[in-house]
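Asker: Mind folding the following:
(one chain, ligands or ions: 1)
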Amino acid sequence: MASLRRNPGTALTPEWFADIRINAPAVERRAATLPARRSLKKEWQAAWLLNAIRCIDLTTLAGDDTEARVVRLCAKARHPIAPEIAEALGVEGLTTGAVCVYPTMVAAAKRALGNSGIPVASVATGFPAGLMPLDLRLAEIRYAVDQGADEIDIVITRAHVLMGEWAALYDEISAMREACGAARLKAILATGDLKSLTNVAKASHVAMQAGADWIKTSTGKEGVNATLPVSLVMVRAIRDYVAQTGQRVGFKPAGGLRTAKDALNWQVMMNEELGQDWLSPDLFRIGASSLLGDIERQLSHHVTGRYAAAHRQAIA
Ligand SMILES: O=C[C@H](O)COP(=O)(O)O
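Answerer: Down below sits the predicted model:
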């Protein structure tokens with residue numbers, strides 16, 4: 001079995017990020033060109049949307065989550081588009097990139113996904129705020145892994161970023177990575193809480209130096225979650241890290257990606273900033289709970305020429 005990509009991390013190396021100053025207006029101008037700059041040809045749009053589906057971490061992270069809802073979510077992850085649409089598009093075996101749930105739902109997801117090969121991601125470390133003693137946060141990671149989680153989406157202590165306590169941030173993420181064992185780690189930066197794009201860039205570097213396998217924008221619970229400007233800053237930090245270490249790190253925008261157009265925009269950015277390799281589930285995931293519905297609607301229209309009136313069974 002091919003070994004999964006891991007980021008070994010480095011020693012904390014402040015000189016690689018201490019002098020970063022992000023020119024926010026310039027980033028915002030560049031991000032604003034993405035949706036307009038590249039109108040994908042119609043026949044290519046379907047292919048890009050299918051690619052987005054295989055990169056989705058299909059997510060339910062709600063206080064009223066039930067095992068039944070998780071079972072329905074996993075069924076959707078295994079068969080994300082209607083059979084007749086898949087057949088018309090000549091697609092077989094399409095699944096989402098992963099399923100993302102709370103720790104106590106991991107076992108149900110593992111059972112429901114069976115031998116599909118779809119990874120289960122679990123949030124942990126006191127999601128979404130992370131304000132718990134470190135030993136309890138590490139215990140939660142170990143619990144999720146013991147339940148069968150293949151990936152752990154951790155949240156960082158935002159105060160470490162806001163106070164510039166980079167060693168403390170590095171140490172906590174390193175400890176979390178160790179607690180993950182064989183499970184891969186996604187570091188949620190909660191960028192909507194970080195006050196500046198410069199802080200987002202620095203936190204991205206520290207998370208990668210501490211061994212994060214992906215860096216992720218948001219929990220989906222902040223006031224502002226994934227945006228194209230923030231994503232641009234994070235993927236450029238990844239580009240710097242690859243140049244500094246030769247190690248590849250994945251990117252996961254999460255929170256508020258709802259439309260097929262969002263899926264196209266983020267993929268155009270990934271392709272233009274990092275290259276085609278970053279359009280694979282190993283290096284790109286979209287954390288989303290409702291995006292798949294709009295992609296399905298667009299694919300159905302692509303095949304039939306009309307929008308499905310009553311959309312397929314909702315998950316929730
Ligand atoms: O990580 C996943 C996010 O919580 C999903 O956010 P969403 O419900 O806005 O798609």
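
Asker: What residues are bridge-paired with the spatially most central residue of the chain?
Answerer: Computing the C-alpha centroid of the chain and ranking residues by C-alpha atoms, centre = their mean puts residue 252 first, at 2.7 Å. With DSSP bridges as the criterion, residue 252 is bridged to residue 216.

Asker: So it versus residue 14, what's the distance?
Answerer: 25 Å (C-beta to C-beta, to the nearest Å). Using the backbone N, CA and C atoms, a C-beta is placed for each residue, glycine as well.

Asker: try residue 224
Answerer: 27 Å.

Asker: Distance from the chain centre to the helix or strand of the chain with the lowest mean pLDDT, please.
Answerer: Using mean pLDDT, DSSP states H and E, the weakest-scoring helix or strand in the chain turns out to be helix 24-37, at a mean of 89. Here the centre of helix 24-37 is set off from its chain's centre by 21 Å, with C-alpha atoms, centre = their mean, to the nearest Å.

Asker: so who does the spatially closest residue to residue 78 that is not a sequence neighbour touch?
Answerer: In space, and not counting its chain neighbours, residue 78 is closest to residue 116: 5.2 Å by C-beta to C-beta, 6 or more residues apart in numbering. Neighbour list for residue 116: 77, 78, 95 [criterion: C-beta atoms under 8 Å, 6 or more residues apart in numbering].

Asker: between the residues you listed, which has the most around it?
Answerer: In terms of neighbour count, residue 77 stands highest of those at 27 neighbours, by other C-beta atoms under 10 Å.

Asker: In terms of secondary structure, what does the helix or strand hosting residue 87 contact?
Answerer: Here residue 87 sits within helix 83-89, counting by DSSP states H and E. On a contact count with 3 or more C-beta pairs under 8 Å, 6 or more residues apart in numbering; DSSP states H and E, helix 83-89 meets helix 291-304.

Asker: Any regions of the stretch 51-200 of the chain where pLDDT drops low?
Answerer: Low-confidence segments of the stretch 51-200 of the chain (pLDDT under 70): none present.

Asker: and the closest residue to the ligand within the stretch 201-316 of the chain, how many residues sit next to it?
Answerer: Nearest residue of the stretch 201-316 of the chain to the ligand: residue 220, at 2.3 Å (C-beta to the nearest ligand atom). A total of 24 residues lie near residue 220 under the criterion other C-beta under 10 Å.

Asker: In contact with it, which residues?
Answerer: Counting by C-beta under 8 Å, 6+ apart, residue 220 touches 59, 61, 128, 254, 255, 256, 287, 289.

Asker: Of these - the most surrounded one?
Answerer: In the contacts of residue 220, the most neighbours by other C-beta under 10 Å go to residue 287, 31 neighbours.

Asker: any bit of the helix or strand encompassing it sitting next to the ligand?
Answerer: Assigned by DSSP H and E, residue 287 falls within strand 286-288. Yes: Strand 286-288 lies within reach of the ligand by C-beta under 6 Å from any ligand atom, at 287, 288.

Asker: ok, back up a step: columns secondary structure on top of the contacts of residue 220, output as JSON lines?
Answerer: Rendered in JSON lines, the data for these read as follows (DSSP: H, G, I helix; E, B strand; the rest coil):
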{"residue": "59", "secondary structure": "strand"}
{"residue": "61", "secondary structure": "coil"}
{"residue": "128", "secondary structure": "coil"}
{"residue": "254", "secondary structure": "strand"}
{"residue": "255", "secondary structure": "coil"}
{"residue": "256", "secondary structure": "coil"}
{"residue": "287", "secondary structure": "strand"}
{"residue": "289", "secondary structure": "coil"}
